[in-house]
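Visitor: coords please:
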Amino acid sequence: MIARIWKGEVPLDRSDEYLERMRTIAIPDYRSTDGNQGAFALRRLHEDRAEFLMLTFWDSLESIKAFNGDDISVAKYYDFDEEVLLEMVPNADHYEIYND
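Guide: Just a heads-up that it's a prediction; the model follows:
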């Protein structure tokens, strides 16, 4: 299994709005892709911004490619991201999961 992690930050006053979009648009999109084993939006509030971490779990690299395209290191963005994110972080990270 593979974990995919993406991080982004939004202004604190738009944090609830961004979380709602992640919950209603992004997470269902992740979960509807064959091979996705779970998708979670994590949020940490700071003084003037909110950090989001998207943590998703996948059967294989091929499953991630079906979701994201051939270059899995490239972050996937939604229409609403550019208007809210403080920076367009270009990459996502991947980790093999070992649980034995």
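Visitor: Contacts only, for the residue minimising distance to the centre of the chain.
Guide: Nearest residue to the geometric centre of the chain (CA atoms, centre = their mean): Met54, 3.3 Å. By CB atoms under 8 Å, 6 or more residues apart in numbering, the residues touching Met54 are 4-8, 22, 26, 30, 39-42, 92. From N, CA and C alone the C-beta is placed, and that goes for glycine too.
Visitor: got TSV for those residues, with distance to Tyr98 and secondary structure too?
Guide: Formatted as TSV, the contacts of Met54 follow (distance: CB to CB, whole Å; DSSP: H, G, I helix; E, B strand; the rest coil):
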residue	distance to Tyr98	secondary structure
Arg4	16	strand
Ile5	16	strand
Trp6	21	strand
Lys7	23	strand
Gly8	27	strand
Met22	28	helix
Ala26	27	helix
Tyr30	22	helix
Ala39	21	strand
Phe40	19	strand
Ala41	24	strand
Leu42	21	strand
Ala92	20	coil
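Visitor: Drop the exposed ones from those and show what's left.
Guide: Arg4, Trp6, Lys7, Gly8, Met22, Ala26, Tyr30, Ala39, Ala41, Ala92 (16 or more other CB atoms under 10 Å).
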